[in-house]
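In: pasting the sequence and the predicted coordinates here, then a few questions.
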Amino acid sequence: MCGFCGILFNPQIDEPTRLLIEDRLRLGATRLATRGPDDEGFVRNGRLSLIHRRLAIVDLSNSGKQPLQTTDGQYTLAVNGEIYNYKELLRLVPHHPHTPRGGSDARAILALATSNWQQLPQLLDGMFAFALHDRDDDSLLLARDPMGQKPLFVHESSFGLIFGSTIESLLPCMDKVAIDPQGLASYLLGQAALAPLTLIQGIRAIPPGVFEIHREGQVTLGSSRCQHVETPSEGSFSSLLDQAVKKRLSSLGSPMVLLSGGLDSTAIAESMSRQSDEEVTAFCLGFAESSADERPRARLVAQTLGITLKTTELRAPALEDLQVLAAGIGEPLADSSAWALFQLAKTVAEKGKVALTGDGGDELLGGYDRHWSAALTNSKRLRLGFAVAAFFASGRRREKLRACGQAKSPAEALYACQALASSPLLEALLCDQENLALIRKNEIRTLATIQARHPSLSLRQQLLIADRETNMPRDLMVKTDRASMSHSLELRSPFLDRDLSSWQNTMMAGDPLFPRRGKAMLKQHLGSKIPAAILNAPKRGFALPLEQWMSSGTLRESCQSVLQDTSFQNRSILIPGAVDILFKNATQHRGLAAELIYALTMLELTFSHYGI
């Protein structure tokens with residue numbers, strides 16, 4: 001796991017200007033330090049200037065240092081991520097005399113580049129974002145993995161194309177840094193901006209599963225989603241999960257896993273305990289508030305599997321904690337569980353560089369109720385049922401039910417179930433209603449478009465895929481990557497494995513009811529190995545007691561001090577008096593006020609960190 005930033009300069013840029021911009025590029029690279037604390041490399045080749053920060057995991061020697069180049073200097077490569085099938089790919093590609101020696105997984109990309117590099121991203125099994133430059137062809141390939149596990153951003157400036165692993169690494173090379181109003185609306189609706197939008201004008205995110213080829217001022221788009229994976233049989237889920245875990249086990253130190261005591265992380269821990277020769281160490285968060293405390297379940301799982309468990313108790317963050325979080329994450333993120341993961345990653349990183357997680361299990365096996373709920377809104381009678389149920393509900397659940405009852409389509413209902421999109425306070429208090437309405441319409445259309453690509457699947461399956469391609473990379477993948485890399489920790493997610501994704505596609509094509517409610521297949525996989533108290537427990541997953549913390553105490557006071565400050569008030573994001581209305585609603589647990597307060601606080605703290 002690493003980070004990189006670079007510039008493909010315009011041909012007319014003179015040498016003094018280039019040297020000046022390269023100094024700014026080096027400043028941007030310093031903001032990648034936690035992503036790559038072990039080494040830094042700089043390459044200048046043709047129009048390309050590229051800096052790579054390294055977190056050494058696969059090849060600890062100098063041969064793994066990046067940027068990597070072919071010995072003739074034609075190809076230059078920087079990679080962020082891990083390629084799990086690199087040994088297999090190196091065997092498939094005939095030896096090229098200019099491919100450098102060494103044990104780095106990135107060598108597979110460089111070797112493939114010498115054959116057909118436009119098909120290259122589809123052959124990779126892993127989590128990745130990379131930049132590959134062909135000096136002779138004077139072109140640049142930028143690519144992200146299909147699940148969006150690793151980030152990649154670009155900015156087209158007057159002196160060339162700037163690209164990098166984080167938004168923050170690009171800022172020193174920009175002449176002007178300003179807030180993007182459409183990115184802001186997307187952030188407030190979905191807890192993070194949906195690619196290609198970002199919160200900064202002129203910076204766009206390359207969407208998951210996409211690659212771009214930049215040549216002579218033109219951009220060619222392609223897909224990095226694999227089209228050629230052999231589809232496994234229905235009975236192979238357990239073996240595929242074990243294979244996914246095995247390929248992610250690192251030889252560095254003892255195996256570690258993030259354990260919430262839920263089904264997904266329990267399944268990963270169970271597989272690790274069987275396949276590892278070393279003792280597995282699990283890490284879990286706890287809260288003083290018993291309703292949110294994960295530790296009792298995690299202890300039961302650890303005792304059952306015979307693995308070591310280390311726990312950390314989390315308190316409500318103070319202002320200085322939120323400031324550290326905003327600087328560490330490096331971009332606005334409204335998902336409050338990022339604070340929990342940020343603190344847990346800090347503890348885990350003290351013991352090693354790599355840990356496994358249960359991320360993606362719900363997306364693979366249908367663990368969210370929102371897919372069922374949204375599908376049910378296809379019936380007018382059932383929509384009325386949602387409206388009635390909302391009358392008797394409270395808090396977050398009430399807003400989601402109300403929005404589903406009012407939805408005009410299943411895509412709109414699914415959108416309402418995500419994040420802050422169903423909050424009536426957004427429409428009441430936000431100044432820029434025009435962009436809010438535009439982005440809401442565009443993002444619902446995006447969900448509907450993804451649905452329409454799969455006419456042979458059931459409605460619920462279409463919604464699951466739409467959710468997986470939008471909400472997962474937008475929120476879960478951003479949270480996992482930024483919170484862990486803030487502490488130089490690589491988190492690997494077996495449920496996001498390429499072969500498991502192919503298995504899911506095969507299962508959905510053959511069974512309109514797959515995946516069934518409650519992740520029955522995962523429960524069957526765990527069987528008698530795990531106590532029934534875990535198999536049948538309600539879903540949690542490091543969720544913060546946010547409403548409780550925002551009602552009174554440290555977090556509420558911290559957020560008030562940020563949002564009542566003139567710095568936030570002068571941005572005119574909310575109408576006058578809106579902050580007082582928000583905190584009043586938070587006290588009464590209404591309108592998703594707590595979530596919106598947190599989102600606005602992290603927004604302001606990040607902008608303050610940027611200096612805008």
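Out: Happy to help now that I have it.

In: ok so Lys479 is a helix residue?
Out: Yes: using DSSP: H, G, I helix; E, B strand; the rest coil, the secondary structure at Lys479 is a helix.

In: so for the nearest residue to it once chain neighbours are set aside, what's the pLDDT?
Out: Spatial nearest neighbour of Lys479, excluding adjacent residues (CB to CB, 6 or more residues apart in numbering): Ala338 at 4.7 Å. (C-beta placed from N, C-alpha, C; glycine too.) As predicted, Ala338 sits at a pLDDT of 94.

In: secondary structure class for Ala338?
Out: Criterion first, three-state DSSP; result for Ala338: helix.

In: list the contacts for it?
Out: Leu325, Ile329, Lys479, Arg482, Ala483 (CB atoms under 8 Å, 6 or more residues apart in numbering).

In: what distance do you get for it to Met147?
Out: Taking CB to CB, to the nearest Å as the measure, Ala338 falls 18 Å from Met147.

In: and the residue nearest the centre of this protein?
Out: Centre of the chain computed as the mean C-alpha position; nearest residue by CA atoms, centre = their mean is Met477, 1.3 Å away.

In: once you drop chain neighbours, what's closest to that one?
Out: Nearest non-adjacent residue to Met477 (CB to CB, 6+ apart): Gly148, at 4.8 Å.

In: swap in Thr601?
Out: Leaving aside its sequence neighbours, Thr601 sits nearest to Cys559 (CB to CB, 6+ apart; 4.4 Å).

In: farthest-apart pair in the contacts of Ala338, please.
Out: Spanning the widest gap among the contacts of Ala338 are Leu325 and Lys479, at 11.3 Å by CB to CB.

In: who's more crowded, those two?
Out: Each of Leu325 and Lys479 has its neighbours counted (other CB atoms under 10 Å); Lys479 has more, 25 against 21.

In: doesn't Ser337 make contact with that one?
Out: Yes: judged on CB atoms under 8 Å, Lys479 makes contact with Ser337 at a distance of 6.9 Å.

In: what's next to stretch 554-569, contact-wise?
Out: Outside stretch 554-569, the residues that reach it (CB under 8 Å, 6+ apart) are 315-319, 321-322, 549-550, 579, 582-583, 586, 597-598, 600-601, 604-605, 608.

In: redo that, cut-off 6 Å
Out: Residues from elsewhere that reach stretch 554-569 (CB atoms under 6 Å, 6 or more residues apart in numbering): Ala316, Ala318, Leu319, Leu322, Trp549, Met550, Val579, Ile597, Leu600, Thr601, Glu604.

In: filter those residues down to the buried ones.
Out: Taking 16 or more other CB atoms under 10 Å as the criterion, what is buried in the contacts of stretch 554-569 is Ala316, Leu319, Leu322, Trp549, Met550, Val579, Ile597, Leu600, Thr601, Glu604.

In: which two among these are spaced furthest apart?
Out: Greatest spacing in those, by CB to CB: Ala316 and Val579 (19.3 Å).

In: run the chain-centre distance for the lowest-mean-pLDDT helix or strand in the chain.
Out: The helix or strand of the chain with the lowest confidence, counting by mean pLDDT, DSSP states H and E, is helix 380-392 at a mean of 77. With CA atoms, centre = their mean, to the nearest Å as the basis, helix 380-392 stands 33 Å off its chain's centre.

In: quick one: list the elements packing against it.
Out: For helix 380-392, the elements it packs on are helix 395-406, judged by 3 or more CB pairs under 6 Å, 6 or more residues apart in numbering; DSSP states H and E.

In: so which elements touch the helix it packs on?
Out: If contacts are counted by 3+ CB pairs under 6 Å, 6+ apart, helix 395-406 sits against helix 380-392, helix 410-417.

In: what does stretch 478-492 contact?
Out: Contacts for stretch 478-492 (CB under 6 Å, 6+ apart): 1, 34-35, 37, 55, 192, 248, 328-329, 333, 335, 338, 341-342, 345-346, 348-349, 353-357, 359.

In: which of those residues fall in strands?
Out: Among those, the members found in strands (DSSP state E) are Val354, Ala355, Leu356.

In: most neighbours out of the residues you listed, which is it?
Out: The ones in strands among the contacts of stretch 478-492, ranked by neighbours (other CB under 10 Å): first place Leu356, 28 neighbours.

In: isn't that residue up against Ile268?
Out: Yes: counting by CB atoms under 6 Å, Ile268 is a contact partner of Leu356 at 5.3 Å.

In: quick one: common contacting residues for the two?
Out: With CB under 6 Å, 6+ apart as the test, Leu356 and Ile268 both reach Val257.

In: which one is Ala389 nearest to, not counting chain neighbours?
Out: Leu401 (5.0 Å).
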